[in-house]
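**Student:** Based on what follows, work out the 3D shape:
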Amino acid sequence: MNDTVDLGRPAALDAIERDTTTVGFTMISESRTGALLRTLAASKPGGALLELGTGTGASTAWILDGMDSGSTLLTVDGEARFLEIAQRHLGHDRRVTFRVGDGASLLRELRERQFDLIFADTWPGKFDHLEDALVLLRPGGLYVIDDLLPQPNWPHDHAPKVAALVAQLEHDRRLVLCKLCWSSGIIIAALRAQT
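**Tutor:** Residues are numbered from 1 along each chain as shown. Here you go, the predicted model:
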């Protein structure tokens, strides 16, 4: 088995990757991460999904590819020029809503909502405002983060921040964790139902 071939890439992904290269965005999600996100999205029929950190829309394309017709995706990014690429290639899909803005502000705005899957691929909801993201999870909901293995674009002081985040999630008794030293390094956390 080779986990890098025959992934069944979303139709829009080639164009998104071309435009991503053109604008010099270097933090595009890895395809194996995308394939995992697609699978997790498919496990939430009729679900409400949230993506923090749209970037140019690569992960968005994978998530949409897994969602059923009754699911919705809200995705946010602070960089309008990157989000515009995602909107250009994916904006025809009525299941997705794009927001330009600060992820932390959006998390506060969403306090009354609940989500079945949250993919946090930016600082808000991951390295800061983590609790604001976790309280949005529906029981049984999945919280997914990536880029936890050393990356060439990490600042020199980033590794301790990753270690602290992983430790915080490991000690959160509300969560059941699966840590994957695969792709860019992934954690999938499920919120336990209250008993």
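**Student:** quick one, longest strand in this structure?
**Tutor:** Using DSSP state E, we find that the single longest strand of the chain is strand 137-145.
**Student:** which other helices and strands contact the next helix or strand after that one?
**Tutor:** As assigned by DSSP states H and E, the chain's next helix or strand after strand 137-145 is helix 159-170. With contacts taken as 3 or more Cβ pairs under 8 Å, 6 or more residues apart in numbering; DSSP states H and E, helix 159-170 sits against strand 175-180, strand 186-191. C-betas here are computed from N, CA, C, even on glycine.
**Student:** Quick check: which of those strands is buried the most?
**Tutor:** Most buried of those by mean neighbour count (mean count of other Cβ atoms under 10 Å) is strand 186-191; its value is a mean of 20.
**Student:** Strands of the protein, start to end?
**Tutor:** With strands called from DSSP E, the chain shows them at 48-52, 72-77, 96-100, 115-120, 137-145, 175-180, 186-191.
**Student:** Alpha carbons only: can I get the third one in CSV?
**Tutor:** The C-alpha coordinates for strand 96-100 follow below in CSV (Å, rounded to 0.1, in the frame of the first residue of the first chain):
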residue,chain,number,x,y,z
VAL,A,96,-19.4,26.7,1.8
THR,A,97,-19.4,30.1,3.3
PHE,A,98,-16.1,32.1,3.1
ARG,A,99,-15.2,34.8,5.7
VAL,A,100,-12.3,37.2,5.6
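**Student:** Work out the gap between it and the centre of the chain.
**Tutor:** For strand 96-100, the separation from the chain centroid amounts to 14 Å (computed by Cα atoms, centre = their mean, to the nearest Å).
**Student:** And it, what does it pack against?
**Tutor:** If you count contacts as 3+ Cβ pairs under 8 Å, 6+ apart, strand 96-100 packs onto strand 72-77, helix 80-90.
**Student:** returning to that earlier point: return the set of buried residues in the longest strand of the chain.
**Tutor:** For strand 137-145, a neighbour-count test (16 or more other Cβ atoms under 10 Å) marks Leu137, Arg138, Gly141, Leu142, Tyr143, Val144, Ile145 as buried.
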